[in-house]
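Novice: this one's structure only:
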Ligand SMILES: NC(=O)c1ccc[n+]([C@@H]2O[C@H](COP(=O)([O-])OP(=O)(O)OC[C@H]3O[C@@H](n4cnc5c(N)ncnc54)[C@H](OP(=O)(O)O)[C@@H]3O)[C@@H](O)[C@H]2O)c1
(Lines give C-alpha, C1' and ligand atoms only; values in the text may rest on other atoms or scores of the structure.)
Protein backbone atom coordinates (compact mmCIF):
# COMPACT_ATOMS: atom_id res chain seq x y z
CA UNK A 1 0.00 0.00 0.00
CA UNK A 2 1.48 3.39 -0.97
CA UNK A 3 1.70 6.19 1.58
CA UNK A 4 0.24 9.56 0.56
CA UNK A 5 1.25 12.89 2.10
CA UNK A 6 -1.91 13.05 4.22
CA UNK A 7 -1.62 9.44 5.45
CA UNK A 8 -2.77 9.16 9.07
CA UNK A 9 -1.51 5.97 10.75
CA UNK A 10 -3.51 6.78 13.90
CA UNK A 11 -6.83 6.51 12.02
CA UNK A 12 -6.72 2.70 12.04
CA UNK A 13 -6.92 2.78 15.85
CA UNK A 14 -10.35 4.49 15.77
CA UNK A 15 -13.43 2.49 16.75
CA UNK A 16 -16.18 4.79 15.47
CA UNK A 17 -19.44 2.91 14.90
CA UNK A 18 -18.17 -0.23 16.68
CA UNK A 19 -19.94 -1.91 19.58
CA UNK A 20 -17.80 -3.20 22.44
CA UNK A 21 -18.57 -5.17 25.59
CA UNK A 22 -16.26 -4.81 28.61
CA UNK A 23 -16.78 -7.18 31.53
CA UNK A 24 -15.56 -6.23 34.99
CA UNK A 25 -16.02 -2.55 34.12
CA UNK A 26 -17.06 -1.48 37.62
CA UNK A 27 -13.49 -0.94 38.79
CA UNK A 28 -9.79 -1.13 38.04
CA UNK A 29 -8.55 -2.06 34.59
CA UNK A 30 -12.03 -2.74 33.20
CA UNK A 31 -13.27 0.78 33.97
CA UNK A 32 -10.14 2.12 32.27
CA UNK A 33 -10.64 -0.15 29.22
CA UNK A 34 -14.22 1.12 28.86
CA UNK A 35 -13.01 4.74 28.93
CA UNK A 36 -10.33 4.03 26.33
CA UNK A 37 -12.64 2.23 23.87
CA UNK A 38 -15.23 4.99 24.32
CA UNK A 39 -12.63 7.72 23.71
CA UNK A 40 -11.67 5.94 20.47
CA UNK A 41 -15.29 6.20 19.28
CA UNK A 42 -16.93 2.91 20.30
CA UNK A 43 -20.31 2.38 21.88
CA UNK A 44 -19.46 0.49 25.06
CA UNK A 45 -21.60 -1.94 27.03
CA UNK A 46 -20.16 -1.92 30.55
CA UNK A 47 -20.95 -4.85 32.75
CA UNK A 48 -20.22 -6.24 36.23
CA UNK A 49 -22.25 -7.08 39.35
CA UNK A 50 -22.08 -3.63 41.00
CA UNK A 51 -24.63 -1.69 38.93
CA UNK A 52 -24.21 1.51 40.97
CA UNK A 53 -20.54 1.70 39.99
CA UNK A 54 -21.41 1.09 36.33
CA UNK A 55 -24.09 3.79 36.41
CA UNK A 56 -21.56 6.25 37.85
CA UNK A 57 -19.16 5.47 34.99
CA UNK A 58 -21.95 5.66 32.41
CA UNK A 59 -22.72 9.22 33.47
CA UNK A 60 -19.27 10.19 32.23
CA UNK A 61 -19.43 8.20 28.97
CA UNK A 62 -22.39 9.21 26.78
CA UNK A 63 -22.14 6.18 24.47
CA UNK A 64 -21.96 3.63 27.30
CA UNK A 65 -24.68 1.31 28.58
CA UNK A 66 -24.48 -0.31 32.01
CA UNK A 67 -25.77 -3.88 32.35
CA UNK A 68 -25.63 -5.88 35.59
CA UNK A 69 -24.28 -9.38 34.99
CA UNK A 70 -22.66 -11.96 37.23
CA UNK A 71 -20.36 -13.71 34.76
CA UNK A 72 -20.22 -16.83 36.94
CA UNK A 73 -23.86 -17.55 36.03
CA UNK A 74 -24.40 -19.07 32.56
CA UNK A 75 -27.93 -17.70 32.15
CA UNK A 76 -26.72 -14.15 32.91
CA UNK A 77 -23.95 -14.47 30.32
CA UNK A 78 -26.52 -15.60 27.73
CA UNK A 79 -28.89 -12.76 28.65
CA UNK A 80 -26.08 -10.19 28.39
CA UNK A 81 -25.16 -11.16 24.84
CA UNK A 82 -28.81 -11.53 23.76
CA UNK A 83 -29.61 -8.05 25.18
CA UNK A 84 -26.66 -6.45 23.37
CA UNK A 85 -27.65 -8.08 20.07
CA UNK A 86 -31.28 -7.00 20.53
CA UNK A 87 -30.24 -3.42 21.30
CA UNK A 88 -27.35 -2.89 18.85
CA UNK A 89 -27.54 -5.75 16.32
CA UNK A 90 -23.78 -6.37 16.37
CA UNK A 91 -20.75 -6.95 18.60
CA UNK A 92 -17.34 -5.84 17.32
CA UNK A 93 -15.15 -6.08 20.42
CA UNK A 94 -15.39 -8.26 23.52
CA UNK A 95 -13.02 -7.49 26.40
CA UNK A 96 -13.22 -10.50 28.71
CA UNK A 97 -11.80 -8.68 31.73
CA UNK A 98 -13.76 -9.71 34.86
CA UNK A 99 -11.49 -11.65 37.16
CA UNK A 100 -10.88 -12.77 40.72
CA UNK A 101 -8.19 -14.64 42.62
CA UNK A 102 -7.77 -16.27 46.01
CA UNK A 103 -4.33 -16.00 47.60
CA UNK A 104 -3.77 -19.11 49.71
CA UNK A 105 -1.30 -21.99 49.91
CA UNK A 106 -2.74 -25.07 48.21
CA UNK A 107 -2.81 -26.95 51.53
CA UNK A 108 -5.54 -24.58 52.73
CA UNK A 109 -7.28 -24.14 49.36
CA UNK A 110 -10.71 -25.78 49.09
CA UNK A 111 -12.22 -27.33 46.02
CA UNK A 112 -14.85 -24.60 46.18
CA UNK A 113 -12.14 -21.89 46.16
CA UNK A 114 -10.48 -23.39 43.11
CA UNK A 115 -13.71 -23.93 41.18
CA UNK A 116 -15.08 -20.47 41.98
CA UNK A 117 -12.03 -18.80 40.42
CA UNK A 118 -12.08 -21.07 37.37
CA UNK A 119 -15.78 -20.26 36.90
CA UNK A 120 -15.19 -16.48 36.61
CA UNK A 121 -11.70 -16.38 35.06
CA UNK A 122 -11.93 -19.30 32.64
CA UNK A 123 -15.41 -20.76 32.06
CA UNK A 124 -16.97 -17.30 31.66
CA UNK A 125 -14.19 -16.26 29.27
CA UNK A 126 -14.80 -19.34 27.12
CA UNK A 127 -18.58 -18.95 27.20
CA UNK A 128 -18.69 -15.20 26.45
CA UNK A 129 -16.16 -15.64 23.64
CA UNK A 130 -18.34 -18.43 22.22
CA UNK A 131 -21.58 -16.43 22.58
CA UNK A 132 -20.15 -13.22 21.08
CA UNK A 133 -17.96 -15.08 18.61
CA UNK A 134 -20.92 -16.68 16.84
CA UNK A 135 -22.28 -13.21 16.03
CA UNK A 136 -18.82 -11.98 15.02
CA UNK A 137 -18.40 -14.97 12.71
CA UNK A 138 -21.82 -14.24 11.17
CA UNK A 139 -20.85 -10.60 10.53
CA UNK A 140 -17.35 -11.66 9.33
CA UNK A 141 -15.40 -9.49 11.76
CA UNK A 142 -14.62 -9.00 15.42
CA UNK A 143 -11.92 -8.86 18.05
CA UNK A 144 -11.97 -10.79 21.32
CA UNK A 145 -9.50 -9.62 23.95
CA UNK A 146 -9.07 -12.01 26.85
CA UNK A 147 -7.43 -10.36 29.83
CA UNK A 148 -5.07 -13.02 31.09
CA UNK A 149 -2.00 -12.07 33.15
CA UNK A 150 1.71 -12.65 33.36
CA UNK A 151 0.49 -15.39 35.72
CA UNK A 152 -0.90 -17.07 32.61
CA UNK A 153 2.71 -17.47 31.49
CA UNK A 154 4.67 -18.12 34.68
CA UNK A 155 3.95 -19.16 38.29
CA UNK A 156 3.17 -16.77 41.13
CA UNK A 157 4.83 -17.96 44.36
CA UNK A 158 5.81 -16.32 46.73
CA UNK A 159 2.25 -15.02 46.27
CA UNK A 160 0.55 -18.42 46.40
CA UNK A 161 -2.54 -18.74 44.17
CA UNK A 162 -2.67 -21.87 42.04
CA UNK A 163 -6.38 -21.16 41.33
CA UNK A 164 -5.46 -17.90 39.60
CA UNK A 165 -2.36 -19.24 37.81
CA UNK A 166 -4.31 -22.22 36.46
CA UNK A 167 -7.22 -20.05 35.36
CA UNK A 168 -5.01 -17.59 33.48
CA UNK A 169 -2.90 -20.29 31.79
CA UNK A 170 -6.22 -21.71 30.57
CA UNK A 171 -7.25 -18.30 29.22
CA UNK A 172 -4.12 -18.26 27.07
CA UNK A 173 -4.97 -21.75 25.83
CA UNK A 174 -8.53 -20.70 24.97
CA UNK A 175 -7.13 -17.69 23.13
CA UNK A 176 -4.76 -19.76 20.99
CA UNK A 177 -7.37 -22.34 20.05
CA UNK A 178 -10.20 -19.88 19.28
CA UNK A 179 -7.70 -17.73 17.38
CA UNK A 180 -7.07 -20.75 15.15
CA UNK A 181 -10.73 -21.81 14.85
CA UNK A 182 -11.83 -18.33 13.72
CA UNK A 183 -8.72 -17.16 11.80
CA UNK A 184 -10.39 -17.69 8.42
CA UNK A 185 -13.67 -16.16 9.55
CA UNK A 186 -12.50 -12.61 10.20
CA UNK A 187 -12.58 -12.96 13.97
CA UNK A 188 -9.41 -12.45 15.99
CA UNK A 189 -8.76 -13.60 19.54
CA UNK A 190 -5.79 -12.35 21.56
CA UNK A 191 -4.74 -12.23 25.21
CA UNK A 192 -3.60 -9.15 27.08
CA UNK A 193 -1.17 -10.09 29.85
CA UNK A 194 -0.63 -7.32 32.38
CA UNK A 195 2.04 -7.50 35.04
CA UNK A 196 1.36 -5.92 38.44
CA UNK A 197 -1.06 -2.96 38.38
CA UNK A 198 -2.61 -1.30 41.41
CA UNK A 199 -6.38 -2.00 41.51
CA UNK A 200 -8.89 -3.40 44.01
CA UNK A 201 -7.46 -6.85 43.25
CA UNK A 202 -3.94 -5.86 44.28
CA UNK A 203 -4.85 -3.21 46.88
CA UNK A 204 -2.36 -3.05 49.73
CA UNK A 205 0.56 -4.14 47.54
CA UNK A 206 1.72 -0.53 47.20
CA UNK A 207 2.32 -0.28 50.96
CA UNK A 208 3.16 -3.89 51.85
CA UNK A 209 6.89 -4.20 52.51
CA UNK A 210 7.09 -7.79 51.17
CA UNK A 211 5.27 -6.87 47.96
CA UNK A 212 7.35 -3.76 47.43
CA UNK A 213 10.54 -5.80 47.85
CA UNK A 214 9.25 -8.51 45.49
CA UNK A 215 8.63 -5.94 42.75
CA UNK A 216 11.81 -3.96 43.36
CA UNK A 217 13.92 -7.12 43.13
CA UNK A 218 12.12 -9.00 40.35
CA UNK A 219 10.70 -6.42 37.98
CA UNK A 220 13.27 -5.08 35.51
CA UNK A 221 11.26 -1.81 35.51
CA UNK A 222 11.10 -1.75 39.31
CA UNK A 223 7.56 -0.55 40.00
CA UNK A 224 3.89 -1.46 39.47
CA UNK A 225 2.28 -0.42 36.19
CA UNK A 226 -0.04 2.56 35.81
CA UNK A 227 -3.46 1.89 34.24
CA UNK A 228 -2.77 4.18 31.28
CA UNK A 229 0.21 2.00 30.34
CA UNK A 230 -2.28 -0.58 28.98
CA UNK A 231 -4.18 1.91 26.78
CA UNK A 232 -2.02 1.44 23.68
CA UNK A 233 -2.00 -2.35 23.83
CA UNK A 234 -5.77 -2.50 24.31
CA UNK A 235 -6.50 -0.14 21.43
CA UNK A 236 -4.08 -1.97 19.16
CA UNK A 237 -5.77 -5.30 19.88
CA UNK A 238 -9.33 -3.93 19.61
CA UNK A 239 -8.85 -2.04 16.36
CA UNK A 240 -7.93 -2.60 12.72
CA UNK A 241 -4.32 -1.82 13.68
CA UNK A 242 -3.93 -5.53 14.54
CA UNK A 243 -5.82 -7.25 11.71
CA UNK A 244 -2.92 -9.67 11.07
CA UNK A 245 -2.60 -10.82 14.68
CA UNK A 246 -4.52 -13.66 16.30
CA UNK A 247 -4.02 -16.26 19.02
CA UNK A 248 -1.25 -14.18 20.59
CA UNK A 249 -0.35 -12.72 23.96
CA UNK A 250 0.51 -9.05 24.34
CA UNK A 251 2.57 -8.76 27.53
CA UNK A 252 2.78 -5.43 29.38
CA UNK A 253 4.70 -6.25 32.52
CA UNK A 254 7.74 -4.02 33.03
CA UNK A 255 9.85 -6.96 31.88
CA UNK A 256 8.63 -9.38 34.62
CA UNK A 257 8.53 -12.40 32.28
CA UNK A 258 11.66 -11.46 30.33
CA UNK A 259 14.14 -13.06 32.73
N1 LIG B 1 -4.28 -5.69 38.73
C2 LIG B 1 -3.32 -6.47 38.27
O3 LIG B 1 -2.17 -6.40 38.68
C4 LIG B 1 -3.65 -7.48 37.20
C5 LIG B 1 -2.58 -8.14 36.59
C6 LIG B 1 -2.83 -9.07 35.60
C7 LIG B 1 -4.12 -9.35 35.24
N8 LIG B 1 -5.15 -8.71 35.84
C9 LIG B 1 -6.49 -9.05 35.40
O10 LIG B 1 -7.16 -7.88 35.02
C11 LIG B 1 -8.58 -8.07 35.16
C12 LIG B 1 -9.16 -6.90 35.93
O13 LIG B 1 -8.68 -6.94 37.26
P14 LIG B 1 -8.41 -5.65 38.13
O15 LIG B 1 -7.01 -5.69 38.54
O16 LIG B 1 -8.94 -4.46 37.46
O17 LIG B 1 -9.24 -6.02 39.44
P18 LIG B 1 -10.54 -5.39 40.10
O19 LIG B 1 -10.43 -3.92 40.26
O20 LIG B 1 -10.77 -6.22 41.32
O21 LIG B 1 -11.68 -5.65 39.02
C22 LIG B 1 -12.27 -6.90 38.83
C23 LIG B 1 -13.55 -6.70 38.07
O24 LIG B 1 -14.14 -7.98 37.84
C25 LIG B 1 -15.51 -7.91 38.18
N26 LIG B 1 -16.00 -9.21 38.61
C27 LIG B 1 -15.47 -10.04 39.55
N28 LIG B 1 -16.25 -11.12 39.69
C29 LIG B 1 -17.29 -10.97 38.82
C30 LIG B 1 -18.44 -11.74 38.52
N31 LIG B 1 -18.71 -12.89 39.13
N32 LIG B 1 -19.29 -11.28 37.57
C33 LIG B 1 -19.04 -10.10 36.95
N34 LIG B 1 -17.98 -9.33 37.19
C35 LIG B 1 -17.13 -9.76 38.13
C36 LIG B 1 -15.59 -6.88 39.30
O37 LIG B 1 -16.89 -6.29 39.32
P38 LIG B 1 -18.04 -6.57 40.40
O39 LIG B 1 -17.39 -6.87 41.70
O40 LIG B 1 -18.82 -5.28 40.39
O41 LIG B 1 -18.82 -7.69 39.82
C42 LIG B 1 -14.57 -5.86 38.85
O43 LIG B 1 -15.16 -4.92 37.97
C44 LIG B 1 -8.75 -9.43 35.85
O45 LIG B 1 -9.05 -10.43 34.90
C46 LIG B 1 -7.38 -9.67 36.46
O47 LIG B 1 -7.13 -11.03 36.65
C48 LIG B 1 -4.95 -7.78 36.82
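Specialist: Great, that's in hand. None of these values were measured; they are calculated from a predicted model.

Novice: so how far is the helix or strand containing residue 124 from its chain's centroid?
Specialist: Using DSSP states H and E, residue 124 falls within helix 124-139. Taking C-alpha atoms, centre = their mean, to the nearest Å, one finds helix 124-139 lying 15 Å from the centre of the chain it belongs to.

Novice: give me the neighbour count for residue 116.
Specialist: Other residues lying near residue 116 total 15 when counted by other C-beta atoms under 10 Å. Every C-beta, even on glycine, is put in place using the N, C-alpha and C of the backbone.

Novice: residue 175 now?
Specialist: Residues near residue 175, counting by other C-beta under 10 Å: 28.

Novice: you'd agree it is up against residue 245?
Specialist: No - in this structure, residue 175 is not within contact of residue 245 by C-beta atoms under 8 Å, at 11.4 Å.

Novice: which neighbours do the two share?
Specialist: Residues touching both residue 175 and residue 245 (C-beta atoms under 8 Å, 6 or more residues apart in numbering) are residue 190.

Novice: quickly note the distance from residue 154 to the ligand.
Specialist: Going from residue 154 to the ligand by C-beta to the nearest ligand atom, to the nearest Å gives 12 Å.

Novice: over to residue 157: give its phi and psi.
Specialist: Dihedral pair for residue 157: phi -50, psi 130, per degrees, to the nearest 10.

Novice: point out the residues in this protein that sit beside the ligand.
Specialist: Contacts of the chain with the ligand, taken as C-beta under 6 Å from any ligand atom, map to 23-24, 26-30, 48-50, 53, 69-72, 97-100, 120, 147, 149, 194, 196-197, 199-202.

Novice: can you say which of the residues you listed are buried?
Specialist: The neighbour count (16 or more other C-beta atoms under 10 Å) marks 23-24, 26-30, 48-49, 53, 69, 71-72, 97-100, 120, 147, 149, 194, 196-197, 199, 202 as buried among the residues of the chain next to the ligand.

Novice: ok, how many other residues are close to residue 89?
Specialist: 10.

Novice: how about stretch 107-120: buried residues?
Specialist: Within stretch 107-120, the residues that count as buried by 16+ other C-beta under 10 Å are 109, 113, 114, 117, 118, 119, 120.

Novice: next, residue 246: phi, psi?
Specialist: Phi and psi for residue 246, reported as degrees, to the nearest 10, are phi -150, psi 150.

Novice: pretty sure it sits against residue 179.
Specialist: Yes - proximity of residue 246 to residue 179 meets the contact threshold set by C-beta under 8 Å, at 4.0 Å.

Novice: what is in contact with these two at once?
Specialist: By C-beta under 8 Å, 6+ apart, the residues touching both residue 246 and residue 179 are 188, 189, 190.

Novice: in a markdown table: those residues, plus secondary structure, distance to residue 3 and pLDDT.
Specialist: Shown next, in a markdown table, are the shared contacts of residue 246 and residue 179 (DSSP: H, G, I helix; E, B strand; the rest coil; distance: C-beta to C-beta, whole Å; pLDDT from 0 to 100):
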| residue | secondary structure | distance to residue 3 | pLDDT |
| --- | --- | --- | --- |
| 188 | strand | 24 | 98 |
| 189 | strand | 30 | 99 |
| 190 | strand | 26 | 99 |
